[in-house]
Structures are given as structure tokens and as C-alpha cells.
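Undergrad: please find the sequence and the predicted model below.
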Amino acid sequence: MVRFVFLLIASLVFVSSAPTLHSVPATFAGAEVKRTEIKRVMILPFDNLTGDAVTDFLSFAIAFELSGKLSQTRSIAARMHEGGQREATNDLLANVARQSDAEYVLTGTYRKTGDRLLLNARLVNVRANETLWNAPVEAAYSDLRLIPEILFRKIITESGITLSAEEEGRLRKDQANDATAYELYLRATALRPATANDWQRQRELLERVIELDHAYAPAHAALGNAHMQYASKTGGGARHYEQAETILRRALSLNDESPQTLLALGSLYAKIGKSEESAALLQRALRLFPHSANFHQTLGYVYRYAGLLDESIAAYRQAQTLDRGLASLIDSDEQIVKALIYKGDNRAALASHAKIAAYREAAGQPDDHKELFYAGVSHLYLKEYTAAARLFDRAAAIDAASIWSVFGQAYKAAAQGDRTRLSEHVKKLETLDIVDSERRYRLAHFYALAGQRTPALHNLKKAIEGGFFNYPYINRDPLLAGINGADEFKTLLRGAKRRHENFKRKFGARRERS
């Protein structure tokens, strides 16, 4: 799945009087979307000059809110820097720009003095090593709502941008009505959850926000996403996915053009097997926000599950065009690898693994156990079992408890003909509440490789019904050789083909032109 959805603003736009990048057209579902000439800006967490722990949450929250406001426009936006708060030295700004492919970096400082909040924002043209402007901002601490709004309007004014009536209307939909609720919302966004307990804490804060301001759409979007992420962290949980859908649909009713809500709900639909609903939502989102790399990435994910493998690769390539940062390049190539595996082009998949390794080295990142797992799968399909086992073991050495490491050890046992050990790994996997249909498909693999036809067919059925109806791949997958002669398999395959072809007629015909 695409990376952490709550940081939803992936590849957005900043327009200024400086020279512009080349224009790149993008198409989907047969309809061309012309990409405007764009600039890229990265927003860093703001520096708390007083060191007051009580107001530390504003460091991340102000930058996050500004990104959210900018994402509501078609021509001006920013990406949040996912790193921690640090002094904005020239070396840091240059490094951020290099890794994110940003031309501009927005930094800021703030201090709370009495009941006033004093803030200063600085926009730097990193490539020219030039400060374009400093923007002082002051507001009563009791009305934090003014800070992102003032900064947003400053950027609009300084850039010579005129917002359309549509954009102004979209922004009005997301205004908080209660100052206390808004501060709680900022504290919730600043948690930056990583564990299930973190997500639980964020959910509790957001529920309090909605009690105070039940019509505040961003809080509903964040709460729906928190339920989805909590379910993912705890291994599944259909109840939380159902709650996430209910809450996100409420958020959509409050603002049906919010990029945060559209992306979260599109991602949820993809996760729970509502691929058609996901594709419709994401294609609509791209008509509103054609320059968002995250929307292209998420649509690429849905295409892969539906078996539109060329369209999936094209979507991820388009995301890389829009966001040349190392994080985006890594994330997209990791997804492209899967589509190449499903196409049967495992040599190309391994070439993509080599690219990912180079990106990680440039970013100073260590090996990732999930990426090593997929490299092992490519070698497995190529019948290079020694190389596959070595990569599966490297993944397990990084995180033995990860589901990807357990998958890898199960494949290793199968390749070595060790059905006893394979069964042990499958039993461990069956203790998890696996909702994701692509992961469910791997259980079909393991049971088929263990010679257990009935549970293999059961899991294949669950995978297809759950949204993994990748007919071209299922039809020729050699790891299902143990069951592909069964009448039930042929029935399931026909169902996957029908859904795949219907999906392709409605949502396919994606073409990328440069």
C-alpha cells in the first residue's frame, strides 16, 4: 500500500515568478489532463524558539495545516518534510532540496509570549541560495486558526495567484468553528503516530474534536484514517475498517473535494476490496488535483489488484514525474516491482530492485525487509532458489516478526520441500486477521505448495472476492500449479476474468505521454 496516508500531500505545486519546469501531460481513462508548469516547495517543521514543551506540537502542526490549505488549490501547494525539527541551516536546506527535488523550502520559527503567538516564515529559493521573503505573523494564542490562514494568504499574495471561486469555496468548507476543538485537532495531527497505541491516542483526541465541532471535515477525515491505520497495525479488524468507511463518508459529505478525504477513502476502498469504488473516487480526485503524486500512486495500486499491470506501472511512473524526491522514487519503484513480477518480467523487477538500492544509498537509508522479500520472490519465480533463500533470510534478520519475513520463510520452506516448516509458518499467518486481498493470495500460494487443495482454493476465493482479481497473473501463476486443474479453480478464474474485464472497460485505457 502507499506510504502513510495521513501525510496526504505528496506532490503539489508552488508558483512564483522564477523560471518554470517543463510541462508534462498526463492521461487516465482516456481523458487527458494538462499539467500546468509547476514549482516544488518543501515545508519544514517550525522551530520553537522558547523550547516550551506545552507548545511543541505547533512545530509540526502549523506546517501540516499550511500544506493542507495549499493542497486545496490546483496551482499552489507544498509537501511536508517528514523529518524532525532542526535548525534551518543552508546545508540542511540544500540536503532537503536534494532529496526531495524541491526548488523552494519554507521554514519558520515561533514563540509564545503571554497570550500571543509570534511567528516568522521564510521562503528560500534553495537552488539560487536566495531568501525570497520573510513573513512575520502574530495572533492571539486563543485563536490558532488565524496562523495557517495568514501564512496561506501571504503565499498567495506574494506569488501573484488569484484563487478561483471554486478554490475559495473549497477552502471555506474546511474552516473550524470552535477554537478549543481546533487546538485539539492540531495536537492530534502533531502526534505523528507510528504504533497501534499511537493511533489509538490520536483517535481519542479526534473524537473529542468532533464532539466539540461535529461539522469540521478535516477531523472526520483524520479520524477515519486513524481507524484504518489502527486496523492495519493490529493485523486487520473488519470493525475498524467499517468505522473508517462510515467516518470518511461523513467527511466526504462535509467536503466532497477534500484531497485528504478523497485519498483516505480511495485507499480504504482499495484495501477492503471495493476496487471499482476506489478507482472512480481516485479518477475524480485526479480531475480536481492532477498534480498529486499520491493520487497517481494509489490509483496504480488499484490497477495492479485489478490486473491492469501496464496502467499500474504508468501511474507510478507519472507519480515519479510529479515528485522526483528520493522517497517517492523508492516508494513508486517498490510498487512497480510487484507489477513486473505479476507480468512475469522478473529480470526487469530485479533491475528495479537495483535502482531502489541506489536510491536508498543516496538517501542514506538501510535495506528494507519488505523490499528484500520481493527481490526474493523474483528469484523464486526464476527458480534461483539459493538467491531467493538468501534474501528471505536477510529480510528476517532485519525484522523476523514482520508478516513479510514470515511470508519469505514460508516460500523458502516450500522451495526446499520442507512441508512441516511451511505448515508452521502458515499456522502463524492464520492467527492474523488478514484483510488485504493481495496478502490473502499468498496464503493460497502456501496451501497450494503444501498440497492442501481445499484451503488453497478457499483463500484464492477470498482474495478474488476481496479485490485481488488480477486475472492475467492468476491465470499463469506457476505457484498455483497444485490447484489450477481443479474445477473450482476454473470457476474462480472465470469470475476473476469477468471482473477484470469489466474493470478494464470502465477504468482502463490509461496512457502516459511525455
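TA: Alright, I've got the coordinates.

Undergrad: check the secondary structure at L132 for me.
TA: Assigned by DSSP: H, G, I helix; E, B strand; the rest coil, the conformation of L132 is strand.

Undergrad: do L118 as well
TA: For L118, the secondary structure call by three-state DSSP comes out as strand.

Undergrad: and the contacts of stretch 457-475?
TA: 270, 272-275, 304-307, 309, 342-343, 435-438, 440-441, 443-444, 447, 480, 483, 486, 488-489, 492-493, 495-497, 499-501, 503 (Cβ atoms under 8 Å, 6 or more residues apart in numbering). C-betas here are computed from N, CA, C, even on glycine.

Undergrad: mind running it again at 7 Å?
TA: Outside stretch 457-475, the residues that touch it by Cβ atoms under 7 Å, 6 or more residues apart in numbering are 270, 273, 275, 304-307, 309, 342, 437-438, 440-441, 443-444, 447, 483, 486, 488-489, 492-493, 495-497, 499-500.

Undergrad: any idea how far apart the tips of that stretch sit?
TA: Between the opening and closing residues of stretch 457-475 there is a gap of 14 Å (Cα to Cα, to the nearest Å).

Undergrad: so for it, mean pLDDT?
TA: On average, the pLDDT along stretch 457-475 is 96.

Undergrad: next, the buried residues of it.
TA: Using 16 or more other Cβ atoms under 10 Å as the burial criterion, the residues of stretch 457-475 that qualify are 457-474.

Undergrad: can you list phi and psi of the residue of the chain most remote from its centre for me?
TA: With Cα atoms, centre = their mean as the measure, the chain has its most outlying C-alpha, relative to the mean C-alpha position, at G114: 39.5 Å. Backbone dihedrals for G114, given as degrees, to the nearest 10, come out at phi 60, psi -120.

Undergrad: if I look at it, how far off is E245?
TA: 45 Å (Cβ to Cβ, to the nearest Å).

Undergrad: tell me which other helices or strands the strand or helix carrying T157 touches.
TA: Secondary structure here is read from DSSP states H and E; on that basis T157 sits in helix 146-158. Contact partners of helix 146-158 among helices and strands, from 3 or more Cβ pairs under 7 Å, 6 or more residues apart in numbering; DSSP states H and E: helix 57-70, strand 116-125, strand 130-140.

Undergrad: pairing partners for the second one, with directions?
TA: Going back to what we said before, that points to strand 116-125. Its sheet considered, strand 116-125 pairs with strand 104-113 (antiparallel), strand 130-140 (antiparallel) by DSSP bridges.

Undergrad: and for it, what's in contact with it?
TA: By Cβ under 7 Å, 6+ apart, the surrounding residues in contact with strand 116-125 are 18, 93, 103-111, 131-141, 147, 151.

Undergrad: check contacts around the residue lying closest to K428 once chain neighbours are set aside.
TA: Spatially, and ignoring its direct neighbours in sequence, K428 is nearest to V406 (5.9 Å; Cβ to Cβ, 6 or more residues apart in numbering). For V406, the contacting residues are 425, 428-429, taking Cβ under 7 Å, 6+ apart as the criterion.

Undergrad: in strands, which of those fall?
TA: Within the contacts of V406, no residue falls in strands by DSSP state E.

Undergrad: report how many residues lie close to the spatially closest residue to S142 that is not a sequence neighbour.
TA: The shortest distance from S142 to any residue that is not its chain neighbour, by Cβ to Cβ, 6+ apart, is 6.0 Å, and that residue is A179. Other residues near A179 come to 17 when the count uses other Cβ atoms under 10 Å.

Undergrad: shouldn't A179 be in contact with Y141?
TA: No: the pair A179 and Y141 does not pass the contact test of Cβ atoms under 7 Å, sitting 9.7 Å apart.

Undergrad: buried ones in the helix holding T157?
TA: 147-152, 154-156.

Undergrad: how about these, which pair is most distant?
TA: I147 and I156 (15.2 Å; Cβ to Cβ).

Undergrad: one step back: any idea how far S423 is from the residue farthest from the centre of the chain?
TA: Separation of G114 from S423 (Cβ to Cβ) stands at 67 Å.

Undergrad: same check on R439?
TA: 18 Å.

Undergrad: now do R324
TA: 46 Å.

Undergrad: and for R442?
TA: When Cβ to Cβ is the yardstick, R442 and S423 sit 15 Å from each other.

Undergrad: of these two, who's got more company?
TA: Applying other Cβ under 10 Å to R442 and S423 shows that R442 carries more neighbours, namely 23 against 16.

Undergrad: surely the more buried one touches F407?
TA: Yes: in this structure R442 lies within contact range of F407 using Cβ under 7 Å: 5.6 Å.

Undergrad: I'd say A414 and S423 touch.
TA: No: no contact is recorded between A414 and S423 when judged using Cβ under 7 Å, the distance being 10.3 Å.

Undergrad: my understanding was that F64 contacts L191; is that so?
TA: No: the pair F64 and L191 fails to qualify as a contact (Cβ under 7 Å) at a distance of 11.0 Å.

Undergrad: show me which of those two is the more surrounded one.
TA: More neighbours surround F64 than the other of F64 and L191, with 22 against 18 (other Cβ under 10 Å).

Undergrad: pLDDT weak spots in the stretch 201-350 of the chain?
TA: Low-confidence segments of the stretch 201-350 of the chain (pLDDT under 70): 235-237.

Undergrad: for it, which segments count as helices?
TA: Under the criterion DSSP state H, counting those that start in this stretch, the stretch 201-350 of the chain contains helices at 217-233, 238-254, 259-271, 275-288, 293-306, 309-322, 326-343, 346-363.
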